[in-house]
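Engineer: dropping a prediction and its sequence here:
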Amino acid sequence: MSSPDSLFTPVETSVAAQPEPSWHRGLLDFPNPVNDYAARSTAGLVVVLAAVSIVVNQPWLYGVLALGFVLRVAGGPRYSPFGRLAVHVIVPQVWRREKTVPGPPKRFAQAIGLAFSGTAFVLSLVGLGPAAQIIVGALIVAALLEFAVGLCLGCIAFGYLQRAGVIPDDVCEACNDVTLFGRNV
């Protein structure tokens, strides 16, 4: 008869158990890294839609603007028509370049855009169109800076919030030292 120790096959103890895949795995993932030229192209498209929204000043158009941000926050360019157009048409045909940047600050910037456009949508729904126009005007300034010179105000805010400890360093280790004037030394 064999000893009890020989009944069991040794198992490597350093192997981590793999979690069972869930129905939502990948569904709400944001790309990391992100092609900066795709982000800038998307910002350019946002500028156009936001400007039209100010001119037309209708709740449904502010709703379309906010919905675009919802889709981009949820999954980057995967669900967003502007994101898909930027990734699959504008970048390959116009920019023809790639510059990768960390994804989490870009998602944070999209969430700020959602807050602005969602606020404008609600203000417009309750009859405060001029207030909605002002909010979207501020959104245009931020999106125009991203599009024209690659200055992402939301990304800068993300870096400062990370340095202040509000956003944990492990959310984006590649960007935890980003400030308005570049990287800390």
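Structural biologist: All right, it came through fine.
Engineer: any idea how far the residue nearest the centre of the chain is from residue 99?
Structural biologist: With distances taken as CA atoms, centre = their mean, residue 107 lies nearest the centre of the chain, 2.0 Å away. As judged by CB to CB, to the nearest Å, residue 107 and residue 99 stand 17 Å apart. From N, CA and C alone the C-beta is placed, and that goes for glycine too.
Engineer: check residue 127 too.
Structural biologist: Separation of residue 127 from residue 99 (CB to CB): 43 Å.
Engineer: if we can go back for a sec, pretty sure the residue nearest to the centre of the chain contacts residue 30?
Structural biologist: Yes. Look at residue 107 against residue 30 with CB atoms under 8 Å: they come within range, at 4.5 Å.
Engineer: now do the shared contacts for those two.
Structural biologist: Contact criterion CB atoms under 8 Å, 6 or more residues apart in numbering; residues shared by residue 107 and residue 30: 73, 76.
Engineer: packing partners for the host helix or strand of residue 72?
Structural biologist: Assigned by DSSP states H and E, residue 72 falls within helix 59-75. On a contact count with 3 or more CB pairs under 8 Å, 6 or more residues apart in numbering; DSSP states H and E, helix 59-75 meets helix 36-56, helix 81-85, helix 103-125, helix 129-149.
Engineer: what is the shortest one packed up against?
Structural biologist: In other words, helix 81-85. Counting by 3+ CB pairs under 8 Å, 6+ apart, helix 81-85 packs on helix 36-56, helix 59-75.
Engineer: one step back: of all the helices and strands packed on helix 59-75, which one comes closest to residue 64?
Structural biologist: Proximity to residue 64 (CB to CB) singles out helix 36-56 among the helices and strands packed on helix 59-75, at 7.1 Å.
Engineer: make sure residue 165 is indeed in a helix.
Structural biologist: No. Residue 165 is assigned coil when assessed by DSSP: H, G, I helix; E, B strand; the rest coil, not a helix.
Engineer: please renumber so the chain begins at 38
Structural biologist: OK, 38 is where the count begins now, so the last one is residue 202.
Engineer: can you tell me how far it is from residue 73?
Structural biologist: For residue 202 relative to residue 73 (CB to CB), the value is 27 Å.
Engineer: swap in residue 195?
Structural biologist: With CB to CB as the criterion, residue 195 and residue 73 are 15 Å apart.
Engineer: more neighbours: these two, which one.
Structural biologist: More neighbours surround residue 195 than the other of residue 195 and residue 73, with 27 against 20 (other CB atoms under 10 Å).
Engineer: residues touching the more buried one, list them.
Structural biologist: 141-142, 145-146, 204, 209, 212, 215.
Engineer: mind doing that once more with 7 Å?
Structural biologist: 141-142, 145, 204, 212 (CB atoms under 7 Å, 6 or more residues apart in numbering).
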